[in-house]
Structures are given as structure tokens and as C-alpha cells.
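**Student:** missing the sequence, but the structure's below:
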């Protein structure tokens, strides 16, 4: 007897093939189906102030907030992968980011002809203008032809580099590219005179110009650019179409406008107001809340004038103040902090002052006991502003650089390094707006000195020996 015998494995394969032939076909899942099946949206982005970074209490950034809302709408979790450079972002999207299952890049990417040959783009969500930035010591150029001899540096793989190639015959000095910096690094380098010119997008400049007093805008490069999300060239359009519907929805319901206002609309709020304005508000607003500050100071063993100085820096003593990042009230508490401190209504000035004072006391208690006053208070203020983790990162960098991590004079030199790529890569919490806590502490120290001078009996204002640090700060 002869016959044909098949193994169980072969039979299963044949049955599977037969079922596939009967159906519409054994098709691969669409890009949208793949995201939903894996229950995860994986994006690649940059660690920068306009895209994604670790905030005071949690991750933040314009692109992060957009991606978080998109993932929520899809009903999946969001996973972030950060690339070291712009070229790395496009490499990560190649072959659908197969190794890491990357679905898209949300990284403040401008739509250009060159990039459209590499990736698919969603509908744009923001218009930006490329701006030529120069050091204020140089003569203001009105066109590329007016550039003085010097160093001109832009990001490698950027839309800025693409635009400059179009103007190459008009630029009298050679320009170079870099993969080891971010745009905020280039702004700092122009400010410090390390380079003479760079090009950045208008949104990035708006977020950071206050920290760099020596930079100026020479002129805009036309035409404007449109920012969009990028998707692998090899995938179908299902996820892109879903993203386009998402952008249409958040434009229509005001969510996109709200996010723009939150991150870009009130940059001027961190400006130093001046002694004259401070004195005026001390007479007009402070009397309404002084009693609350004094009671909080008594409860937490602090100087009420220090707490009042924090309140002025945070809100100018306005109980209904709201920051670009959504914190509210006279002491500008986040929802999470208010809940932790037992504050039911952030807009109630008494609750806000007590909650903010309690939170500052808690932060100060975490500061290393080996750090002596007043350095301990200055570091607690920095942590109140930027977060305890970022302060610890700055202390680590201080030690690496040969400074004393227990001295504010050294730590404040390291805090700005948290915004520099080559430094924040060495830290646990990554990028932070390190210039801000330095200005924050500096302003509060000025307000505190002025409040002490204006509120103590006149006999106490007799000339005394000058000290580098402000006296009168209680420990604990």
C-alpha cells in the first residue's frame, strides 16, 4: 500500500494557507492597527525646550504634550525615544523604525522638499520663521551680504542648513554645521561670543531669548516654514490620516491654541520688573497678604520677607495669576503640589501662601544638611523653581567640573549647563531650563534684601560691614 503522509506541522500550514485563500488575504496590519495591537505609540523626538524635557515634576514640552494627547485619543500608552541629532531622527524612521517599532517623529520638524523624499508628513500644526541671530557687538546685518567675517554655525540636517544652501551664493562667509549641539546651545554660543551667527526658528527664539541678553535678530529668512509630524515612508496612510484628524480636532476645539499660549504666550513673565515697580506693589498689594506671610513664617520657622519675595517672583502677589505651564495662584502651585500640601483652592491667597510655604519647607528639608546657610536656602529656592532632581544634577556637574557642590556660587555656574546637550547627557534627569533658576534665585535675593531694608525699624539700617550673602535666613 502506497500513500502520501504529512506531518502535523505541515497539515497546519496547509490549513492556514487554505483559510487565507478563502478570505480577502493574509494582509499585514495597517500602521494604525499595529499601534492599537501593541497598545503603545512609540515616538522619536529631541531633548530640547520646544519638544520634550523633564520638567519640575513630570515630562513636558510642546511636542510631548501633543503626542500625549494623541496617544490618549488612540487609547494606548506613549513611549518616548530621544535622538541625539536631527539626522538620527530620520535614521530612526527608516524601515519603519523596525527594531524599536517607532511610529512617528514629533520633534519640531519643518516640512521641506528634501525631507519629503525621506518621510511622509502630517498636516502642519505650527508656522515658524527662520531668523538670523547675531551677537549684539557686531554691526546689525540687513542681509546676508552684510555679514562680517566670523563664525556661522547651524544644526546639521536642519531646515536651516537646507535654506542656507539656497542662499550660498549670497553669503560672504563660510557656514558650518554641527551634530553635537542643540539650537539653545547655538543661542548661548552667539550670546557668549563663541560664534557670531546662527539661524533658529522663531518659536525657539521666543522661548529662550530672555536668557541671552547679547543676542539680536538680524532678519527673517523667507518664506516661513510649517512644522509637522514625520512618518516612515514605507508605511500606509492609516496612522497619518488619524493624526490629521487629531490635528483638525484640536485646532477646532482650541486645544492647540491653548498649548501654544501655555508654552509661548507669556515669555515676558520671567522678566525682572525692577525696584521701582516692586516698591509700588509692596505698598499697593503686599498689605493685603502680609499677615498670611507672617503666619506662614511663624508656622514654618522662616522669615516672612523671604516667603513674600518668593510670592512676588512667582505672581507679583496676584492671587489669580496663571503661568504658561498651568500653575496657578499667588505662590503658583501645580495641581499635584496643591493636592500634596492640602490646598483645596489654589486661587485662595491664604491657602496658596500656606501651601507654598509648606512646600518650600519640605524642599529645604531635603537639601543636604551639610550645606550651610545661606547656600542651603538658595539651593532650596532653585529646587522650588526647577525641581529637586535637576538641582542634584547640577550639583553632580559642579563636582565633575571641580567645584564645590555645597556652594551656591559654584552650583549656579553649573545649572545653565543643564540646557547644554554635552552636559545634560551626563545627568539623570536630562535637559532643564537651567538659566531660569539662576535668575529666579537672583531676583528673590534682590526682593528679599529690599524688603528687609524697607520693613525693619530705621535704627536697624545703620551702616554695617558688607557681606556676600544676605543675613537673617533661618535654618531648617
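**Tutor:** Arrived safely. Note that the structure is predicted; figures quoted are calculated from it, not measured.

**Student:** Using the three-state scheme, assign residue 53.
**Tutor:** strand (DSSP: H, G, I helix; E, B strand; the rest coil).

**Student:** Just give me the neighbour total for it.
**Tutor:** Neighbour count for residue 53, taken as other CB atoms under 10 Å: 24. (Each C-beta comes from the backbone N, C-alpha and C, glycine too.)

**Student:** Next, give phi and psi for the residue lying closest to it once chain neighbours are set aside.
**Tutor:** Distances taken as CB to CB, 6 or more residues apart in numbering put residue 431 closest to residue 53, at 4.0 Å, once the chain neighbours are dropped. The phi/psi pair for residue 431 (degrees, to the nearest 10) reads phi -60, psi 140.

**Student:** list the contacts for residue 431?
**Tutor:** 47-49, 53-54, 418-419, 421, 424 (CB atoms under 8 Å, 6 or more residues apart in numbering).

**Student:** Kindly reformat those as a markdown table containing secondary structure, pLDDT and distance to residue 409.
**Tutor:** Below are those laid out as a markdown table (DSSP: H, G, I helix; E, B strand; the rest coil; pLDDT from 0 to 100; distance: CB to CB, whole Å):
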| residue | secondary structure | pLDDT | distance to residue 409 |
| --- | --- | --- | --- |
| 47 | strand | 92 | 28 |
| 48 | strand | 90 | 28 |
| 49 | coil | 87 | 26 |
| 53 | strand | 89 | 26 |
| 54 | strand | 85 | 25 |
| 418 | helix | 95 | 17 |
| 419 | helix | 92 | 20 |
| 421 | helix | 91 | 25 |
| 424 | helix | 91 | 21 |
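
**Student:** The residues you listed: which two are farthest apart?
**Tutor:** 54 and 421 (14.2 Å; CB to CB).

**Student:** Okay, helices next: where are they in the stretch 301-450 of the chain?
**Tutor:** 304-315, 335-340, 349-366, 375-386, 388-400, 408-414, 421-424, 435-455 (DSSP state H, counting those that start in this stretch).

**Student:** In JSON lines, list those along with distance to residue 238 and mean neighbour count.
**Tutor:** Formatted as JSON lines, the helices of the stretch 301-450 of the chain follow (distance: least, CB to CB, whole Å; neighbours: other CB atoms under 10 Å):
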{"stretch": "helix 304-315", "distance to residue 238": "46", "mean neighbour count": "25"}
{"stretch": "helix 335-340", "distance to residue 238": "35", "mean neighbour count": "16"}
{"stretch": "helix 349-366", "distance to residue 238": "46", "mean neighbour count": "21"}
{"stretch": "helix 375-386", "distance to residue 238": "41", "mean neighbour count": "25"}
{"stretch": "helix 388-400", "distance to residue 238": "39", "mean neighbour count": "22"}
{"stretch": "helix 408-414", "distance to residue 238": "47", "mean neighbour count": "20"}
{"stretch": "helix 421-424", "distance to residue 238": "35", "mean neighbour count": "19"}
{"stretch": "helix 435-455", "distance to residue 238": "41", "mean neighbour count": "19"}
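
**Student:** just the contacts of residue 431 now: which is nearest residue 180?
**Tutor:** For the contacts of residue 431, the nearest to residue 180 is residue 421 (6.9 Å; CB to CB).

**Student:** So residue 178 versus residue 417, what's the distance?
**Tutor:** Taking CB to CB, to the nearest Å as the measure, residue 178 falls 17 Å from residue 417.

**Student:** Packing partners of the longest strand along the chain?
**Tutor:** Longest strand in the chain, counting residues (DSSP state E): strand 215-232. For strand 215-232, the packing partners by 3 or more CB pairs under 8 Å, 6 or more residues apart in numbering; DSSP states H and E come out as helix 86-93, strand 104-110, strand 119-121, strand 126-135, helix 183-191, strand 197-201, helix 238-252.

**Student:** can you redo those as TSV with mean pLDDT and distance to residue 325?
**Tutor:** As requested, those are exported to TSV (pLDDT from 0 to 100; distance: least, CB to CB, whole Å):
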stretch	mean pLDDT	distance to residue 325
helix 86-93	93	25
strand 104-110	97	18
strand 119-121	96	28
strand 126-135	96	18
helix 183-191	94	18
strand 197-201	97	20
helix 238-252	97	18
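
**Student:** Quick one: closest of the ones you listed to residue 376.
**Tutor:** The closest of those to residue 376 is helix 183-191. By CB to CB, the value is 28.5 Å.

**Student:** Show me what the closest one is in contact with.
**Tutor:** 48-49, 133-135, 153-155, 178, 181, 195-198, 200-201, 204-205, 208-209, 212-215, 416, 419-421.

**Student:** what do you get for stretch 338-351?
**Tutor:** Here stretch 338-351 makes contact (CB under 8 Å, 6+ apart) with 288-289, 292, 319-320, 328-330, 333, 335, 337, 352, 354-356, 358-359.

**Student:** and if we set it to 7 Å?
**Tutor:** Contact with stretch 338-351 is made by 289, 292, 319-320, 328-330, 333, 352, 355, 358-359, as judged by CB atoms under 7 Å, 6 or more residues apart in numbering.

**Student:** And that stretch, end to end?
**Tutor:** With CA to CA, to the nearest Å as the measure, stretch 338-351 spans 9 Å from end to end.

**Student:** And for residue 316, the neighbour number?
**Tutor:** 15.

**Student:** Spatially nearest residue to it, not counting backbone neighbours?
**Tutor:** Among residues not flanking residue 316 along the chain, residue 281 sits closest, at 6.1 Å (CB to CB, 6+ apart).

**Student:** From residue 126, how far off is residue 62?
**Tutor:** On the measure of CB to CB, residue 62 and residue 126 end up 8 Å apart.

**Student:** Residue 163 now?
**Tutor:** 17 Å.

**Student:** now do residue 236
**Tutor:** For residue 236, the distance to residue 126 - CB to CB - is 26 Å.

**Student:** the more surrounded of those two?
**Tutor:** residue 126 (20 against 16).

**Student:** which ones are touching the closest residue to that one other than its chain neighbours?
**Tutor:** Closest residue to residue 126 apart from its sequence neighbours, by CB to CB, 6+ apart: residue 227 at 4.5 Å. Shown in contact with residue 227 (CB under 7 Å, 6+ apart): 108-110, 124-126, 128.

**Student:** Now, of the residues you listed, which are buried?
**Tutor:** The neighbour-count criterion (16 or more other CB atoms under 10 Å) marks 108-110, 125-126, 128 among the contacts of residue 227 as buried.

**Student:** Mind telling me the two of those residues farthest from one another?
**Tutor:** That would be 110 and 125, which, of the buried ones among the contacts of residue 227, are the farthest apart (CB to CB) at 11.8 Å.
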